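Enquirer: fold the stuff below for me.
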Amino acid sequence: MNTLPSEIRLYDLHPSDADIRSDVLEGLARRPKQLPSKYFYDARGSELFECICEQPEYYLTRAEIALMRTHAAAIGAALGPHALLLEYGSGSGTKTGLLLEHLPEVAAYVPVEISRSALTESVARLSERFADIQMLPVCADFTQPITLPQPARRPARTVIYFPGSTIGNFSADQAVQLLTQMRRAMGRNGAALIGVDLVKSPQRIEAAYNDAAGVTAEFTLNLLTRLNRELGANFDLGAFRHRARYHPERERIETYIISRCEQQVRVGGHRVHFAAGEAMRVELSCKYSPASFAHIATRADLSVSDLWTDAEGLFSVQCLRPAGAPG
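Expert: Numbers count the residues shown, from 1 in each chain. The predicted model follows:
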């Protein structure tokens, strides 16, 4: 694992075991049962997600990187100089590097990532390429209130970067809540740059979440491995399976962990009953048209000032600004 250079301080606000236990037990008490997808990303989960991005069926990452390579200069010009770049869910940082290459005179880079290993590795790589940019990594859950570190240089504006298709992991109401949080964080002259997966053939979408090599299934079930390790649970991975289906009427993938048999599982000192065939939801992956995402943005008092897509029109990166702000 890469370690951070000595001059870079990690602000560690990672959720505690008690936080994870509370979230998991609350989700297991729901009907149907749910587990928070943010807990996919322990060290092994982050590794598996990077492997998912390399699978032939998973078009999202390739489309977004192609988009960034084509449009990064225009994106950088639209965002302007002297920005504080605040990234939610920074992951491996590959797309961030493409943006930083074209974002003029960055005041500072503040990545917020729940996976400590993914965060330290990406910042270590980026700090080598961008030695003149102050980096202030924060290990935290970006959906929760965070006190962010202050950069040495005063920024002209705050730009929130939310790449991938992570916005799709939230229901419409949750997405509006998160975008409202972003609007408050960016201020009147800031912006948010958001990766948005577009509606397309149901077959192509569903294949992306059910790769032939079974990497996505392993990624999904690794969540149970994490709960076994960190909460002392006793999930038998062989007694569960992965299922991801696209629902065209809702324009979203729903991913579940399915119990293969009737069973009792111990989780955080509680016993949880699973019926044979019972489905436990672990992730949503919403897809949007340009019009439907613009509507979501409007509900958060934001407007789409710019939109870029890859050559095939599979994926978009959209720039949002406070409603009424100059473009």
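
Enquirer: ok, the residue most central in space within the chain to Glu262 distance?
Expert: Computing the C-alpha centroid of the chain and ranking residues by Cα atoms, centre = their mean puts Thr166 first, at 3.7 Å. According to Cβ to Cβ, to the nearest Å, Thr166 and Glu262 sit 35 Å apart. Every residue, glycine included, has its C-beta placed from N, CA and C.

Enquirer: not counting sequence-adjacent ones, nearest residue to His273?
Expert: Counting by Cβ to Cβ, 6 or more residues apart in numbering, His273 lies nearest to Gln264, which is 5.7 Å off, once chain neighbours are set aside.

Enquirer: okay, now the one you found: neighbour count?
Expert: Using other Cβ atoms under 10 Å, Gln264 has 9 neighbouring residues.

Enquirer: mind saving the C-alpha coords of the helix or strand where Ala18 lies as PDB?
Expert: Assessed by DSSP states H and E, Ala18 sits inside helix 17-28. C-alpha atoms of helix 17-28 as PDB (Å, rounded to 0.1, in the frame of the first residue of the first chain):
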ATOM      1  CA  ASP A  17     -17.500   0.300  14.400                       C
ATOM      2  CA  ALA A  18     -20.400   1.700  16.500                       C
ATOM      3  CA  ASP A  19     -21.600   3.800  13.500                       C
ATOM      4  CA  ILE A  20     -21.400   0.800  11.100                       C
ATOM      5  CA  ARG A  21     -23.200  -1.400  13.600                       C
ATOM      6  CA  SER A  22     -26.000   1.200  14.100                       C
ATOM      7  CA  ASP A  23     -26.500   1.600  10.300                       C
ATOM      8  CA  VAL A  24     -26.500  -2.100   9.600                       C
ATOM      9  CA  LEU A  25     -28.900  -3.000  12.400                       C
ATOM     10  CA  GLU A  26     -31.300  -0.200  11.300                       C
ATOM     11  CA  GLY A  27     -31.200  -1.500   7.700                       C
ATOM     12  CA  LEU A  28     -31.800  -5.100   8.700                       C
END
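
Enquirer: if we can go back for a sec, wait, what's in contact with the residue nearest to His273?
Expert: For Gln264, the contact set (Cβ atoms under 8 Å, 6 or more residues apart in numbering) comprises Arg271, Val272, His273, Phe274.

Enquirer: can you select the buried ones from those residues in ChimeraX?
Expert: Only the buried entries of these go into this ChimeraX selection, using 16 or more other Cβ atoms under 10 Å:
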select :272,274
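
Enquirer: cheers, nothing more for now.
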